[in-house]
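Q: Task: produce atomic coordinates for the following.
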Amino acid sequence: MIKGLHGISLNYSNVVTQARIAHETGYGALELLPEHLLRYLEHGGTTSEYNQITQKNQVKVGCINALQGMGRYQNGEREEMLAEAERLCRIAQELHCPTIQILALHELDALPEEQMMDILVQNVRAIAELGKRYGGIRFQIELVAYTKFNHISQGLEVIKRVGMDNVGLLLDFWHFTVAGIDTPQTVAALDPKMIYGVHFCDGIRPKNGQPWDEQVLRNYMVGEGEVDIQQWTDAIKSTGYNGMWSSELVSPDNWEKDLKENAQKCSDIMDQYIGTDWE
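A: All right, here's what the predicted structure looks like:
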């Protein structure tokens, strides 16, 4: 297994600092946010220099998270989305990063289910074809709880209809818990080849019409929210999955604390729930 540090966990930092902190707190890989990575590249950094930084810190770039709005389809939006995808593919190839996360937001929510799925299949296939052109980049689909495209059976249908071997699922504890559709039993039945990544995270469900504000609902250290961390962990491990587990802390309260201490605490919590058999 690979222990990954999600860039959102160190939100108020840059990718150089993230590499150092990851090394110093026991991680083997980084899940980088495009906004952090592109900012680095737009202000004098290069992929070649960043490769030297990750090598020095003995960490890999495991994932770039994320290409958002993968369902964009009208008024030139699809072309814009594919241009963003190609830019991320080019960067991922240069960083020897195997995986890019992709997800739909609200761009398709108003459409009938059949039309939504048709658009997603077309777009994901086009994205996957780009990945093939850039050295075989893989794409992990995140199912966002508060959108219409939010459960595993939909993700598997898209993957099957796309018909390519570089598209899989991202499993996120919080999104599954609050969507209330998939269960640990659903996850345990998955083919591990379909699992490209895991977000190890916590949070609460919205209550009494509470808005879907992730920075409120997920403002919890792992183990302090409503997610049954051990049950989801055990379900994923039971599949035989042996890839990257990424510690994702979407917590404004914790972002104001010492970021290295946060990373260390998250690392220790991962060991507690998952074990210590890390690469």
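Q: would you say V124 is within a helix?
A: Yes - under DSSP: H, G, I helix; E, B strand; the rest coil, V124 falls within a helix.
Q: Thought K160 was touching it, still the case?
A: No - using CB atoms under 8 Å, V124 is not in contact with K160; the gap is 11.1 Å. Where C-beta positions appear, they are placed from N, C-alpha and C, glycine not excepted.
Q: the more surrounded of those two?
A: More crowded of V124 and K160, by other CB atoms under 10 Å: V124, with 23 against 11.
Q: Skipping its backbone neighbours, what lies nearest the more buried one in space?
A: V162 (5.1 Å; CB to CB, 6 or more residues apart in numbering).
Q: phi, psi of the one you found?
A: Dihedral angles phi and psi of V162 (degrees, to the nearest 10) take the values phi -60, psi -40.
Q: hey, where'd the helices end up in the stretch 1-150 of the chain?
A: Using DSSP state H, counting those that start in this stretch, the helices of the stretch 1-150 of the chain run over residues 15-24, 34-42, 47-56, 77-94, 113-133.
Q: among the ones you listed, which is the most enclosed?
A: helix 15-24 (a mean of 20; mean count of other CB atoms under 10 Å).
Q: helices or strands up against that one?
A: strand 2-6, strand 29-32, helix 34-42, helix 47-56, helix 259-274 (3 or more CB pairs under 8 Å, 6 or more residues apart in numbering; DSSP states H and E).
Q: Show me how far that helix is from its chain's centre.
A: Mean C-alpha position of helix 15-24 versus that of the full chain (CA atoms, centre = their mean, to the nearest Å) differs by 18 Å.
Q: then that helix to CSV, C-alphas only?
A: Provided in CSV are the C-alpha atoms of helix 15-24 (Å, rounded to 0.1, in the frame of the first residue of the first chain):
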residue,chain,number,x,y,z
VAL,A,15,3.9,22.0,-3.4
VAL,A,16,7.6,22.3,-2.4
THR,A,17,6.6,22.4,1.3
GLN,A,18,4.2,19.6,0.8
ALA,A,19,6.9,17.3,-0.5
ARG,A,20,9.2,18.1,2.5
ILE,A,21,6.4,17.6,5.0
ALA,A,22,5.3,14.4,3.4
HIS,A,23,8.8,13.0,3.7
GLU,A,24,9.2,14.1,7.3
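Q: Please list the residues outside it that contact it.
A: With contact meaning CB atoms under 8 Å, 6 or more residues apart in numbering, helix 15-24 is reached by 5, 7, 10, 13, 28-30, 32, 36-37, 40, 45, 50, 53-54, 56-59, 259-260, 263.
Q: One more: stretch 68-75?
A: In contact with stretch 68-75 (CB under 8 Å, 6+ apart) are residues 77-78, 80-81, 102-105, 107-108, 116, 119-120, 123-124, 127, 149.
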